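Kindly generate the corresponding structure for this input.
(chains A and B)
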Amino acid sequence: MQRENHRGFKFDWITIILFLLLVGFGWVNILSASHSGDVVSYFDMSQPYGKQLIFIGLTFVLILLILSIEAKFYERFSSIIYLVSMLSLVGLFVFGKNVNGATSWYGIGGFTIQPSEFAKFATALAVAKYISDLQTDLRSIKDQLKTVAIIFIPAVLILLQNDAGSTIVYVAFFFVFYREGLQQIYLILGVIIIALAVSALKFGIVITAVITLVVIILNFFFTKKKRITILQSLVIFLLCVSFSFSVQLFYKHVLKEHQQNRISLWLRLEKDPAKLEAMKKTILYNLNESEKAISSGGLTGKGFLEGTRTKGKFVPEQHTDYIFSTVGEEWGFVGSAITVLLFVMLIIRILYLAEAQKSQFSRVYGYAVASIFFVHFMINTGMVMGLIPTVGIPLPFFSYGGSGLWGFTILLFVFVKLDSNKINEW
Amino acid sequence: MRKLLLFSMVVLVGLVFIARLFYLQIYNTQSYDIYEDNAIRKVFTYPKRGYVYDRNGTLLVANQPSYDVMVIPREVEPLDTLEFCKLLRITKDDFLKTFNKAYRYSPRLPSVFLSHLSKEDYAVLQEKMRKYDGFYIQKRSLRAYQTSIGANVLGDIGEVNRSIINRDPYYRMGDLIGKQGVETSYEKTLRGVKGIKFIQKDRFNKDIGPFDEGRLDTLPQPGKDIKITIDAKLQEYGERLMQNKRGGIIAIEPSSGEILAMVSAPSYNPNILVGRERSKNFNKLYKDSIAKPLFDRGLQAMYPPGSPFKVINALIGLQEGVVNTNETFTCRMGYYYGSRKLTGCHHHRSPANMNLGIYESCNAYFVNVYRRILEKDGSNISENMNTWSNHAKSFGLGNYLGNDLSVGQKGRIPDGAYYDRAYEKGRWASTYVVSNAIGQGEVEATPIQLANMTAAIANRGYYYTPHIIKSIEGDTIPSKYTKRNYTTIDKQHFEPVVQGMYDVYNKGTAKHLKVSGIEICGKTGTAENFVRIDSVKTQLTDHSIFVAFAPKDNPKIAIAVFVENGYWGGRFAGRIASLMIEKYIKGDVTRTDFERWILDHTLEHEYEKPYSGKPFKINGETRVLRKEEYDQIKQAIIKNSQEEPLDQ
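Coordinates of the predicted model:
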C-alpha cells in the first residue's frame, strides 16, 4: 500500500507541467487562429478549437490509461505494437482516405485518424527494444542494417502515401543510434553529405569539386599519420564529385516542382528579381504571410484574439502547421521566446531523465522521444520563421489535430511511466 | 561526449530561434502602424466642409456631392476592361495609364481612379460596381460656388499631392485640400476632421467586422462655417470695373482692418475649378504667363507706389521736425541740383507749402523734404536713412503684413545698409536717392500695403492688421486682428496731411473726381515702369495709382487702386476709387459718367505692346482705346493675317 502511494509521486512533475503548459497555450492559439467572428462557445464542435478541446479532454483519459498500465508491458509488447502499427500503415493503401494529396488518414464516422502519428511511437518502442537486446551491437554492420530496417519500413510506407514531411521525422533516430554507439564516421559522413549536397546546389559542381580537392590535399599533407594513400584520395574525390552530380540530377529530375521551389528559396538559388517577386506571391505566399504575422507582433504582441493577420486568416493552415505564427503575432517576442524555451526545456528534461534511466530500453526510448520532439520542433518552427525549407509537419502539442496530439502524448507519457518505474529495475 | 550531441543541438537551435525571433519582431520592424496593415480596411467619412459667407451673410461657397471611383490596385481581379471602360466612358489607354499610376503610388492603398462622376453616372455605376473587385465608389463633397466672383479671395480645393501627404499625415491620397484664398488660410477650420472606421479584412479581402470592436474608430467633425469681411456687392462691382484692365483694388475698413474688397484683374470664374475639368482649367490658368490670372495682383504685385508715397514723406518730415506746414519750396517745373534737373514736375503754382505740395503732387517739394530728412543734423546719411525707413515701415510697408491671406509680398523700403551695399559706405548722398521722395526708385509696395497705409492715415496714426476673417462659427478670430498697430508718427501731424489729401479732391489733381455728398481724401499716383524686352530696358506706359479714404472724419473705407499702364493716376485708378467709395458708402453710384467711361475703355492694347515684337509708343504719344475700337483693330489684324499669310 505504502509502495503504491510512493510510486504515485514518482512521476516527473516537471515534464508533466511543461506538457500542460504547452497543450494549454497551444489551445489558446488554436482558438485565435480558427475562430471566426465571436467565440460563441468553447465547446463548439463545428470549430477546430472546439474539437481540439474535446481531443485534449480525451488526452487525459489516455494519460490515465498509459500510466495505469504496468511499465513492463511496453517493453514486452513492443514488437506486437510495432507490428500492429505497420499493418495500420499498410492498410492505408486499401482503406485510406486522401486529404490534400496524401493518403494518410482513416475515416471513421466524422473523424479521421492518421496512423503515421502513432507509428513514431511504435517505431521508438521497437528501436528501443532491439537496441537494448544484449545480443545487439550497433558497431556491427549487420545489426546496423537491422536497426535501420526498423525505421525504414514505416518511413518508406509513409513516403509511399505521399507524406514526405512525416518521413523526414525518422531522421531523428540517427541521434538515438549515435548515442548508443554508432561509429563516429557516420556522423562525419552525414555532415559531409549534407555539405556536399548544399554546395552542389548552391555553387555548382565545378566549385564543389575544387573545394573538395583543396580539402583532400590539405588533409593529405597535414595529417601526420598518413592513413590515406593518393589512390584512396582520388577515389574519395571522384565519389564526392559524382555524388554532387547526382544531387543535381536528383534535384532537377526527381524532385517535384514545389519541392524544387522550396529548396531554391531556402538556398536563395533564384537570382532573377522578377521571378523572385512572382514566387513571393505564389509558393512563398505562406512563408511571407507567416513572417509578416510574426514580425507584426513586435515585442509584446497584439494581444489574445487581437492579431489582425490571424483574424483575417492571411496565413493559410494557421491552426495546424503555421500555428507558431499566431503565437508570434498575438504574443510577440515575449510569448514566442517563452514558447521556444518551453520546448527546449521539455526536450532537455527528457534527455536528462533518459540519461538517468537504469534500463537501456528506457534510456533508448527516452532518447527517441526527445529526438522526435526535437526534429518536429526544429523543422516546424524553423519553417514558420523562414529558416528551413517548407516541410509540412506539426508542432507537438500546438498544432490542431487529434492524431498528432495523441501520438505525441503517448510518446511522452509512456516515457513518463517508464521513468517512474526506474526504481524497480534492478 | 556522445551524450552531448543532441543536447548541444537543442540548445543551439533554441538560441538560433530566439535570435531569429528577435530579428523578425524587434530588430527588423518599425513600430506597428495600423495604416500600413493591409488586413485592416480604413474607411474614411468626410465631414461637411464649412460654408463661406460674406460680411452681410450672403452665401458665397456651399457644397455639392461628388462621386469618385477608387481603386486598390492589388485587389483588382481580371475584369472585362472593355465593358468597364464603357461604363466609365474612358478609353482603354486611360484605364491602363491611371491604373499603372495608382499602382506606382501604392499597390495596397486606395487611389482615385476617376474623379467627379455625375449623378447619372453614379446611379448606373453603383449597381455594377460589385462586379469589379478592387474598385469602389467614394462619395465626397465638392465646392458649389454661389457666385462667379472672388476667385482670388475664395480660392478653391483640389487633391493633395505627394509633398503635402509627406508633410501632414492627416491627408491621404485623393483627399481634398484648400489650394488658394481662404480655402488655404482657413483649411483646418473649414475642413473639420474626417472620421475613420477600421474594418478587419480576411485574406479574400472580405470585411469580417469592425477592428478591435470599433474602439479606434472616430466620428467625423464637421467643418465650421466662416464669414469673411468681403462685401460681395463691392467685390463684384470692383471686378466689373477692372475688366479689360490689369491691376488690383484693395478696400479696407480702417476702423477694423477688415478687407471689404480684394480685386485682382484679370480673374476667372471660380466655378471652372470645380469638377472633372478642374485640372484642365487650372493648367490653362497656370500656364498663362502673360496675363497671370492666378497671380493675385492685389496681394503679390510689387509696384513703385508713386505719388501716394509722398504723404508718408510729409508725415516723416513733420515728425522729424525738418519741415513745418507753412514752409515753402520753389518748383521750376522740377527739382534742380545746381543746374542739373533731378526730377521733373508738372505746371502748378509755386512756391508750394505742404498743403499745395500734396494736392498738386509737387515733386520738387517732396525732394526738398526728403533731402532734409536724410541730411538732418548734417550727419550720418545712413543713420538718417534708417530713421526714415523705420518710420515708413511702421505703416506696414516693406514687410509682410502678417495677415490671414494665403499669399503676399514684402514690398521694399530700403534702409541705410541697402545703399551702403549698393554704393559702398560713405560714397553716396541724398541726391542719389531722391526718387524715393516721390515713390519711385527703390521703394516698392503691394496694393494691400498701400491700402493699409491709407487706412493708417485715415485713422490718424494706427492700423489694424488687414484680415479677411469676420467670424468663425462657434469660435473667435485671432486677437492680433483686434489690436491696434501704432505708427511712429504723432497724431497731430496727420491733420495737415489729411487736409492736403482732402484738397486733392477739393482743388488738386483729383478735383474732377468729386462725388457729391462724400468728403473723400485721396492721392493720385503715376509710376514709371520698365520691362526688359530682348534684354533691352524698355519703358512702358505709366501705372495709374490712386489711394483714398472717406469720409474725411470717421472714415468707413480706405482704398488703393492700381491699374497697370493706365497712364496717370486720375485717369483709371482715380475714377475706379471714387466709384468704389460711392458704391460702398451710398450703395449706389451717381457718377455714372465715370462708370460708363471705365466700362467702355480697355487697356488690352497696352498689355500687348511688349509682346508685339514691334516698336511702340507710350504715355502721351498714345491714347486709350474704347472696347469697340480695340475689337475692330483686332478683327482687322486677324483678317489681314488670313489674307496675307506671313512668309518668314
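
Just the CA trace of the biggest helix by length in chain B, in PDB.
When chain B is parsed with DSSP state H, its longest helix is helix B:4-22. The C-alpha trace of helix B:4-22 is given here as PDB (Å, rounded to 0.1, in the frame of the first residue of the first chain):
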ATOM      1  CA  LEU B   4      26.200  15.900 -25.700                       C
ATOM      2  CA  LEU B   5      25.400  15.900 -29.400                       C
ATOM      3  CA  LEU B   6      21.600  16.100 -29.200                       C
ATOM      4  CA  PHE B   7      21.800  18.300 -26.000                       C
ATOM      5  CA  SER B   8      24.000  20.800 -27.700                       C
ATOM      6  CA  MET B   9      21.900  20.900 -30.800                       C
ATOM      7  CA  VAL B  10      18.800  21.500 -28.800                       C
ATOM      8  CA  VAL B  11      20.400  24.400 -27.100                       C
ATOM      9  CA  LEU B  12      21.900  25.700 -30.300                       C
ATOM     10  CA  VAL B  13      18.500  25.600 -32.200                       C
ATOM     11  CA  GLY B  14      16.800  27.200 -29.300                       C
ATOM     12  CA  LEU B  15      19.300  30.100 -29.400                       C
ATOM     13  CA  VAL B  16      19.100  30.400 -33.100                       C
ATOM     14  CA  PHE B  17      15.300  30.600 -33.000                       C
ATOM     15  CA  ILE B  18      15.300  33.200 -30.300                       C
ATOM     16  CA  ALA B  19      17.800  35.200 -32.300                       C
ATOM     17  CA  ARG B  20      15.600  34.900 -35.400                       C
ATOM     18  CA  LEU B  21      12.500  36.000 -33.400                       C
ATOM     19  CA  PHE B  22      14.500  38.900 -32.100                       C
END
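
That one near chain A at all?
Yes: for helix B:4-22, a contact with chain A is found by C-beta under 8 Å from any C-beta of the partner chain, at B:5-7, B:9-11, B:13-14, B:16-18, B:20-22. The C-beta positions use only the backbone N, C-alpha and C, and glycine is treated the same way.

Run through who's touching that helix.
Here helix B:4-22 makes contact (C-beta atoms under 8 Å, 6 or more residues apart in numbering or on different chains) with A:175, A:178-179, A:187, A:294, A:328, A:333, A:336-337, A:340-341, A:343-344, A:347-348, A:351, A:367, A:370-371, A:374, A:377-378, A:381-382, A:385-387.

what about A:Thr308, distance to chain B?
For A:Thr308, the distance to chain B (C-beta to the nearest C-beta, to the nearest Å) stands at 4 Å.

Could you do A:Lys275 as well?
18 Å.

Can you tell me the closest non-neighbouring residue to the residue of the stretch 351-500 of chain B found nearest chain A?
Residue nearest to chain A within the stretch 351-500 of chain B (C-beta to the nearest C-beta): B:Gly474, separated by 37.6 Å. Sequence neighbours aside, B:Lys224 is the residue nearest to B:Gly474 in space, at 6.3 Å (criterion: C-beta to C-beta, 6 or more residues apart in numbering or on different chains).

what does B:Arg49 give?
In space, B:Arg49 is closest to B:Gly223, 4.7 Å off (C-beta to C-beta, 6+ apart).

Next up, the contacts around that neighbour.
Contacts here follow C-beta under 8 Å, 6+ apart; on that basis B:Gly223 touches B:47-50, B:189-192.

Tabulate the residues of helix B:4-22 next to chain A (TSV), appending neighbour count and pLDDT.
Compiled in TSV, the residues of helix B:4-22 next to chain A are given as follows (neighbours: other C-beta atoms under 10 Å in any protein chain shown; pLDDT from 0 to 100):
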residue	neighbour count	pLDDT
B:Leu5	14	89
B:Leu6	23	91
B:Phe7	16	93
B:Met9	15	93
B:Val10	25	94
B:Val11	14	95
B:Val13	20	94
B:Gly14	21	94
B:Val16	15	95
B:Phe17	25	94
B:Ile18	17	94
B:Arg20	19	92
B:Leu21	27	92
B:Phe22	15	92
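
Looking at those, spot the one nearest B:Gln235.
B:Phe22 (65.6 Å; C-beta to C-beta).

So which bits of stretch A:292-303 are buried?
Going by neighbour count (16 or more other C-beta atoms under 10 Å in any protein chain shown), the buried part of stretch A:292-303 is A:292-298, A:301-302.
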